[in-house]
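Student: Pasting the sequence and the predicted model now:
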Amino acid sequence: MNEKPNVLMVTGGAGFIGSNFVRQYIKKYPSDILINFDVLTYAGNLENLKEIENSENYHFIRADISDRNLLDRIFNGMIPDIPAPNQIVHFAAESHVDRSIQDCTPFIQTNIVGTQVLLDIIRKHWTGRDENCRFIHVSTDEVYGSLGKEGFFTEQSQIKPNSPYSASKASSDLLVRSYFKTYGLPLIITRCSNNYGPYQFPEKLIPLIINNILQKKELPVYGKGENIRDWLFVLDHCEAIDVVLKKGKVGQVYNIGGHNEWKNIDIVNYICELLNKKLNRDFDNTTLIKFVTDRPGHDLRYAIDATKIEEECGWVPKHRFEDGIEETVDWYLEHPDWLKKVTSGVYKEYYEKHYIADRNIRR
Ligand code: NAD
Ligand code: TYD
């Protein structure tokens, strides 16, 4: 008799990290079933999943994680052809700090209320069940707030979020913790540093800089460009989530990062130089750099101590930054249609308001 297949629900699987995870997972585990549950906000894009959309073990449901009734029906096995999930990787979120500064409301709704709905659903359907049930809550190092020039975030660092985005993620982390302590549900939290790689929406620093260079538009660097981020290639993050799913201990938090700190201005210069070499133009991209009004509450530095996931789960990043960033730049060069599509319509309105009106950038 065949064993019951593992049924994984991924929320937010049409976004940047989620879609990289889904593509990797579908290929790696062909006998598992994966349900991608995504409402497709501006950041969700089914184009990201073309490669695997016809796979037999893949299902897509377009819906909001706050839709309690639909989730209840899914977990009751009432949707034809879709088995009830025994695992969840929860990516779905509003994820951009600058947008949270403009309007926090959708961050509260999706990141906090949406997470609570998911937790209630698994409380109802997984209590007393074993069957290798796991819920991975994909969180961020930003919940720890900002570091000074020294030190690293460990899992014991204080939760001290500074932006409405990170406050909403911290709130969801605390809810997850409370549902573990109170109901003993099989929950794990991961907190990763900044990701980069193919399919990232060009509102985040690295793809925004690549896109603006391609269009010879100004490259907006907030403040003096002295802020530091710890960059990790997206597929390394996806692999870390996979090992936590398999080897992580319930009730635990795992930090994920690659010891790869860069000042913003250095990373912008690096991408300018890389594209100076790759684009056959008689033009120096660094002349496009423009220092603009700083982000309010801008965290100075993030840096992750990832010893715990390395020691407990045997995970270390595989991509050197120099290789990962080149692969990323090449991907954007090879996908002009993707870039064009995602930067039309509502993206233009966001860009106008955030950079042209708020930060005094030239068109
Ligand atoms: P993203 O913004 O690219 O994608 C978010 C996805 O969630 C989109 O597909 C969107 O349609 C979907 N979504 C949003 N609201 C939803 C809702 N109410 N119901 C269903 N689906 C909804 O985000 P990302 O960069 O891929 O980040 C994924 C997760 O990883 C987030 O939880 C984020 O906090 C976390 N994270 C991101 C980074 C990073 O550098 N991008 C680093 C650490 C952690
Ligand atoms: P971002 O990609 O938005 O990620 P996060 O704020 O979650 O770290 O920004 C990365 C860094 O780059 C952050 O310090 C803000 C800065 N930044 C700019 O200088 N200019 C930009 O246009 C953007 C989007 C970010």
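Tutor: Thanks, I have it. Ligands and ions are numbered 1, 2, ... in the order given.
Student: Ligand 1 contacts on the stretch 51-200 of the chain?
Tutor: Counting by CB under 6 Å from any ligand atom, the stretch 51-200 of the chain comes close to ligand 1 at 64-65, 91-93, 95, 110, 114, 138, 140, 169, 192, 194-195. Every residue, glycine included, has its C-beta placed from N, CA and C.
Student: redo that, cut-off 5 Å
Tutor: Contact residues (CB under 5 Å from any ligand atom) of the stretch 51-200 of the chain with ligand 1: 64-65, 91-93, 95, 110, 114, 138, 140, 192, 194-195.
Student: Include neighbour count when you put the residues you listed into TSV, please.
Tutor: Converted to TSV, these look like this (neighbours: other CB atoms under 10 Å):
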residue	neighbour count
64	19
65	25
91	25
92	28
93	28
95	23
110	23
114	24
138	25
140	22
192	26
194	22
195	22
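Student: Show me which of those is closest to residue 305.
Tutor: residue 192 (12.7 Å; CB to CB).
Student: Can you tell me, leaving aside adjacent residues, what's nearest to the closest one?
Tutor: residue 256 (4.0 Å; CB to CB, 6 or more residues apart in numbering).
Student: Contacts only, for that neighbour.
Tutor: When contacts are counted by CB atoms under 8 Å, 6 or more residues apart in numbering, residue 256 touches 190-193, 232, 237, 240-241, 304, 306, 309, 315.
Student: Just put those residues in JSON lines and tack on secondary structure.
Tutor: Listed next are those as JSON lines, based on DSSP: H, G, I helix; E, B strand; the rest coil:
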{"residue": "190", "secondary structure": "strand"}
{"residue": "191", "secondary structure": "strand"}
{"residue": "192", "secondary structure": "strand"}
{"residue": "193", "secondary structure": "coil"}
{"residue": "232", "secondary structure": "strand"}
{"residue": "237", "secondary structure": "helix"}
{"residue": "240", "secondary structure": "helix"}
{"residue": "241", "secondary structure": "helix"}
{"residue": "304", "secondary structure": "strand"}
{"residue": "306", "secondary structure": "coil"}
{"residue": "309", "secondary structure": "helix"}
{"residue": "315", "secondary structure": "coil"}
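Student: out of the residues of the stretch 51-200 of the chain next to ligand 1, who's near ligand 2?
Tutor: Okay, of these, nothing touches ligand 2 (CB under 5 Å from any ligand atom).
Student: Report the two of those separated the most.
Tutor: Distances among these were taken as CB to CB; the most separated pair is 64 and 194, at 26.4 Å.
Student: Neighbours of whichever residue of the stretch 201-350 of the chain sits closest to ligand 1, how many?
Tutor: Taking CB to the nearest ligand atom, ligand 1 has its nearest neighbour within the stretch 201-350 of the chain at residue 201, 5.4 Å off. Per other CB atoms under 10 Å, the neighbour tally for residue 201 reads 19.
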